[in-house]
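Visitor: got a predicted structure here, sequence first:
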Amino acid sequence: MMTSNGIRKAGPQVQAAAWTLAALACVLAWDASGLDLQAARLFGSAAGFALRDDPWLFGALHEAPRWLAWLAVAALCVMVRWPAGVLRRIPRADRVWLVLTIFAALAAVAWLKRTSATSCPWDLREFGGTAAYVSHWIAGVVDGGGGHCFPAGHASSAFAWVAGWFALRRHAPGAARAWLACALLAGAVLGLAQQVRGAHYMSHTLWTAWICWCVAWLSDVLRTLWQIGRAQARASLNGFARAAATMEVRHGHDL
């Protein structure tokens with residue numbers, strides 16, 4: 001039977017599950033709309049994507065964020081041992097969980113990207129490439145391009161940080177909301193920059209956000225279940241200890 005503490009811990013998971021399903025519905029609605037190509041046509045033509053090699057888009061919104069993301073992850077690893085700022089409010093175990101979950105989200109997106117046959121917009125014949133447009137839902141169909149474009153790996157360097165909301169929400173809810181907003185905004189900006197360059201469709205960015213959220217949420221569910229199980233085991237052991245102590249006292253009185 002779940003204890004009152006277990007029920008209290010499980011409550012936020014129900015809310016997170018509802019958000020997850022609502023976000024999934026929105027992403028599926030975008031996929032069903034067929035707006036990916038229309039959005040790509042805003043920035044591309046038969047001559048390709050004019051801003052593909054734009055120094056600012058490539059340097060400031062691709063290369064720089066990529067290195068900054070890895071520096072941030074390295075700094076977070078250091079703060080597992082020596083926390084700073086809002087991370088001081090959460091236990092060390094939660095800081096370890098945060099680092100591992102960010103890596104798990106990055107790995108999930110990288111694995112899906114590696115196995116995907118979907119090519120980037122700039123690979124399409126319509127935009128001067130050689131590939132035909134094939135939905136990422138059609139598995140195993142080669143479109144004639146380079147593939148390995150779905151989901152959006154670059155945006156994951158920001159979206160993976162949504163895990164911070166789960167780590168902070170019990171100890172610093174205000175900071176958790178600000179963390180989540182920053183991660184989502186940064187991911188959206190990086191994803192839009194890649195779309196303007198022709199590197200990704202909008203759906204790639206949306207699915208990356210959802211995948212990173214799901215990795216964090218499922219990891220938090222497992223963590224919560226483990227914490228509930230540990231608390232119940234501790235309560236049971238304490239109950240056995242009290243019962244044994246009571247029996248020992250009664251036995252002594254009988255003697």
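Guide: Sure thing, it's come through.

Visitor: name the surrounding residues that touch stretch 134-141.
Guide: By Cβ atoms under 8 Å, 6 or more residues apart in numbering, the residues outside stretch 134-141 that reach it are 31, 116, 117, 118, 119, 143, 150, 203, 204, 207. (C-beta placed from N, C-alpha, C; glycine too.)

Visitor: wait, which of the residues you listed is closest to residue 83?
Guide: Among the contacts of stretch 134-141, residue 207 lies closest to residue 83 (Cβ to Cβ), at 32.5 Å.

Visitor: any stretches of the chain with poor pLDDT?
Guide: Under the criterion pLDDT under 70, the flagged ranges of the chain are 1-11, 230-255.

Visitor: helices along that one, start to end?
Guide: Remark: helices of the chain, listed N- to C-terminal, are 4-33, 35-41, 55-58, 64-81, 92-115, 153-159, 163-168, 173-197, 202-254; assignment by DSSP state H.

Visitor: can you say which of those is nearest to residue 48?
Guide: helix 173-197 (10.3 Å).

Visitor: what's the angle from the closest one to helix 64-81?
Guide: Calculated by axes from the mean of the first three to the mean of the last three Cα atoms, to 10 degrees, helix 173-197 forms an angle of 160 degrees with helix 64-81.

Visitor: surely residue 65 and residue 158 touch.
Guide: Yes. Under the criterion of Cβ atoms under 8 Å, residue 65 makes contact with residue 158 at 7.3 Å.

Visitor: looking at these two, which is more packed in?
Guide: In this view residue 65 and residue 158 are compared by other Cβ atoms under 10 Å, and residue 158 has more residues nearby, 25 against 20.

Visitor: thought the more buried one was touching residue 183?
Guide: Yes. The pair residue 158 and residue 183 passes the contact test of Cβ under 8 Å, sitting 5.8 Å apart.

Visitor: show me what contacts residue 206?
Guide: Neighbour list for residue 206: 26, 27, 30 [criterion: Cβ under 8 Å, 6+ apart].

Visitor: do you know how far it is from residue 70?
Guide: When Cβ to Cβ, to the nearest Å is applied, the distance between residue 206 and residue 70 equals 24 Å.

Visitor: same question for residue 192.
Guide: 21 Å.

Visitor: how about residue 137, phi and psi?
Guide: As for residue 137, its main-chain torsions (degrees, to the nearest 10) stand at phi -80, psi -20.

Visitor: burial of it, as a residue count?
Guide: Using other Cβ under 10 Å as the criterion, residue 137 is surrounded by 10 other residues.

Visitor: one more: residue 70?
Guide: By other Cβ under 10 Å, 12 other residues sit near residue 70.

Visitor: name the nearest residue to it, ignoring sequence neighbours.
Guide: With Cβ to Cβ, 6 or more residues apart in numbering as the criterion, residue 70 has its nearest non-adjacent residue at 7.9 Å, and that residue is residue 157.

Visitor: my read: the one you found touches residue 69, true?
Guide: Yes. Under the criterion of Cβ under 8 Å, residue 157 lies in contact with residue 69, with a separation of 3.7 Å.

Visitor: who has more neighbours, these two?
Guide: A count of neighbours by other Cβ under 10 Å puts residue 157 above the other of residue 157 and residue 69, at 26 against 20.

Visitor: any idea how far residue 43 is from the more buried one?
Guide: As defined by Cβ to Cβ, residue 157 lies at a distance of 22 Å from residue 43.
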